[in-house]
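Colleague: Okay, predicted coordinates and the sequence, questions at the end:
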Amino acid sequence: MGSPLLDIEHLSVTFRTDRGEVRAVDDVSLHVNEGETLAVVGESGSGKSVTALSILGLIGDNGSITNGRILFDGADLTRLGKADLRAIRGDRIAMIFQEPMSSLNPVLTIGKQVAEPMWLHRDMTWDDAYQRAGELLARVSIPDAAQRLNDYPHHFSGGMRQRVMIAMALACEPQLIIADEPTTALDVTVQAQILSLLKNLTRELNSSLILITHDLGVVARYADRVAVMYGGRVIETTTARNLYANPRHPYTEGLIASVPSLDGNPGEPLMTIAGQPPDLANLPPGCAFAPRCRYAQERCLEAQPSLEAVSEGHLRACFGYDHV
Amino acid sequence: MSEQEGDNLVSVRNLKVHFPVTGGVLQRTIGHVPAVNGVSFDLKRGETFSLVGESGCGKSTTALAVLRMQPVTDGQIIFNGVDVTHFNARQMRPIRRGMQMVYQDPFGSLNPRMKVADIIGEPLKVHHLAADRKVFRARIRELMDLVGLLPDMADRYPHEFSGGQRQRIGIARALALDPELIICDEPVSALDVSIQAQVVNLLMDLQARLGLTYLFIAHDLSVVRHISHRVGVMYLGQLVEVSSRDELFNSPKHPYTRALLDAVPVANPEIEARRPHKLITGEVPSVRNPPPGCPFHPRCPDAKSMCRQIKPVLQAVGTASVSCHLYDP
């Protein structure tokens, strides 16, 4: 295996807020190999979305990358100027957002929106790009695709809008697609259709996919590898199979055990994690999970464990090697 | 028949809820949306009956109609043996003490300007059950203790609590009047994953201790399987399958139930790798304009010509009830 397509090294992102500086992402390292699907899992405030947005330099004016590198195909994205980043965005790296309603422009036709990235990045004439947009809409299984190019977003259902988003993301055949909770707003039968479509199309293009989600079922079905985030840090990363079979961080272990599954014993009390997710503006000095951890020792309250290998390709950030 | 009714806390018979559609300059009624279109089920005392289905299937509207918080177009709602379908507000008041609701959004369903004690105790005041302040405070402490909140927090405001704790406040308020029936409308879907299990356990524990009957509305099938005794699957305003939990999850009968179960990913990659993932195509059609015949036929892999014309009715198939022509005798 060569070097990874995307390699995030020691990334830290802070936001200026009314409550002072908030470090949303703290010393995060993760990588994505060519053609693989990496799931980034975490609860609200874990830093998973901010990590994704910082790859494309989309963290807004009140946020800044204070440390680290984001190497994409060898180039450090954190050092690129706005114009260079814009040339990559939508061309080599594409993004699919959670809310297909608000991420499409309501006053432009679907055809114009899908054609735009190809016209912008691929030196296509507008007519060629527009025709290709029709082909793309057909490829994401929108019925009567060519006839629907002149329709506006409000003519489409939620699931159909997310198909349009996927068509736009795939327009320039990107090397990397970042999907931030792409199906959270959709019904389950539609969620399954959209994720299967996304997975199949990325496989055909041999693109890599970063799937940001809180749903452990979605991870189990679609991911090759997983990074689990908590309190702004990656606390465990390994293959999807290994994560479920052999979780080595107490938070991952607790999370997997607390989700009722379609093959578990109904009626019995679920395992729970006491307490609640941390407030990023007010993180404890040691391990962010320590206040909720049943194995926590004094050391965990004082120092932050770093991400270290427990076996080949399996890393975790935890002092208690013998507990889990 | 009377024996059976003794077991049932609630019976819903052929419930229809149609919303008027208005149009034109005068906003006259020009049509109706059949949000709930002929739904029948029973809630046995002490059981959890879940209604599942995708958005627009009518599950929440059905729940609101049971509470009589939604005008009923047709059909009957029988609570504790009494037909309450046409009760007016004054007649409903004593009945409502027996039926309470827990809402989805623990942020929007608590008044931010009220202290927790007053939120939990409001039903006691409304029903004139707080004889004096001492009795009132004692009851609040008891209720907070019951749902796992520290009674010392009674004088705080909702914003000082986390999502999971706020849901506990909502549950304590629902329990204040010692109801027999609690309707839970997506009670955990707004919570973080690590908090959902706490609330699911609390609901099950309260049922065991207080003998509560739950009408549980949810779209998360793994939570539904965990908490329910029986399950009804709704599609476009109709029940398409009613079954015991094990029967439904082990041997789903209606093609829509099967599709729904196939679509839900299981949190275990080993199992996921072995599953067939037969996905149905299309999306739920608009309830304003439901298809003729069986409402599921445009997406059904097994649809026959009959399904396009004749609407199936719920019929017994083994121990389950299914509304599908595949099971016609």
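Modeller: Structure received. Owing to the predicted nature of the structure, the values given are computational and were not obtained by experimental measurement.

Colleague: in chain B, what spans have low per-residue confidence?
Modeller: Applying pLDDT under 70 to chain B picks out residues B:1-6.

Colleague: Mind jotting down where the helices sit in chain A?
Modeller: A:48-55, A:82-88, A:110-121, A:126-139, A:145-148, A:158-170, A:188-205, A:216-222, A:240-245, A:250-258, A:298-302 (DSSP state H).

Colleague: what about those, which gets the closest to residue B:22?
Modeller: Taking C-beta to C-beta, helix A:158-170 is the member of the helices of chain A nearest to residue B:22, at 25.1 Å. For the C-beta atoms, the positions are set from N, CA and C on the backbone; glycine is no exception.

Colleague: Is that closest one in proximity to chain B?
Modeller: Yes - Helix A:158-170 is in contact with chain B by C-beta under 8 Å from any C-beta of the partner chain, via A:159, A:160.

Colleague: quick one: that helix to chain centroid distance?
Modeller: What separates the centre of helix A:158-170 from the centre of its chain is 17 Å, taken as C-alpha atoms, centre = their mean, to the nearest Å.

Colleague: quick one: contacts of that helix?
Modeller: A:90, A:94-97, A:100-101, A:103-104, A:110, A:113-114, A:117, A:133, A:136-137, A:139-142, A:153, A:156, A:177, A:182-183, A:185-187, A:190, A:193-194, A:197-198, A:201, A:205, B:283 (C-beta atoms under 8 Å, 6 or more residues apart in numbering or on different chains).

Colleague: just to revisit the earlier point, can you put the helices of chain A in a markdown table and add mean pLDDT?
Modeller: Below are the helices of chain A laid out as a markdown table (pLDDT from 0 to 100):
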| stretch | mean pLDDT |
| --- | --- |
| helix A:48-55 | 94 |
| helix A:82-88 | 92 |
| helix A:110-121 | 92 |
| helix A:126-139 | 93 |
| helix A:145-148 | 88 |
| helix A:158-170 | 90 |
| helix A:188-205 | 91 |
| helix A:216-222 | 93 |
| helix A:240-245 | 95 |
| helix A:250-258 | 93 |
| helix A:298-302 | 92 |
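
Colleague: Give me the buried stretch members for stretch A:268-284, please.
Modeller: A:270, A:272, A:273, A:276, A:277, A:278, A:280, A:283, A:284 (16 or more other C-beta atoms under 10 Å in any protein chain shown).

Colleague: My guess is the third one contacts residue A:255. True?
Modeller: Put plainly, it is residue A:273. Yes - taking C-beta atoms under 8 Å as the definition, residue A:273 is a contact partner of residue A:255 at 7.0 Å.

Colleague: Spit out the residues that contact the two alike.
Modeller: With C-beta under 8 Å, 6+ apart as the test, residue A:273 and residue A:255 both reach residue B:194.

Colleague: Next one: the closest residue to residue A:90 other than its chain neighbours relative to chain B, how far apart?
Modeller: Of all residues not flanking residue A:90 in the chain, residue A:117 sits nearest, at 4.4 Å (C-beta to C-beta, 6 or more residues apart in numbering or on different chains). Separation of residue A:117 from chain B (C-beta to the nearest C-beta, to the nearest Å) stands at 26 Å.

Colleague: can you check residue A:290 too?
Modeller: Here the criterion is C-beta to the nearest C-beta. By it, residue A:290 lies 15 Å from chain B.

Colleague: That residue contacts residue A:296, correct?
Modeller: Yes - if you go by C-beta under 8 Å, residue A:290 and residue A:296 touch, sitting 4.4 Å apart.

Colleague: neighbour-wise, which of the two wins?
Modeller: Each of residue A:290 and residue A:296 has its neighbours counted (other C-beta atoms under 10 Å in any protein chain shown); residue A:290 has more, 25 against 19.

Colleague: Contact partners for the more buried one?
Modeller: Contacts for residue A:290 (C-beta under 8 Å, 6+ apart) come out as A:284, A:296, A:300, A:301.

Colleague: And the pLDDT at it?
Modeller: Residue A:290 carries a pLDDT value of 94.

Colleague: dump the residue contacts of residue 104.
Modeller: Looking at chain A here, since you left the chain open. A:110, A:113, A:153, A:161, A:164, A:165.

Colleague: Chain B is the one I meant
Modeller: B:185, B:186, B:187, B:189, B:190.
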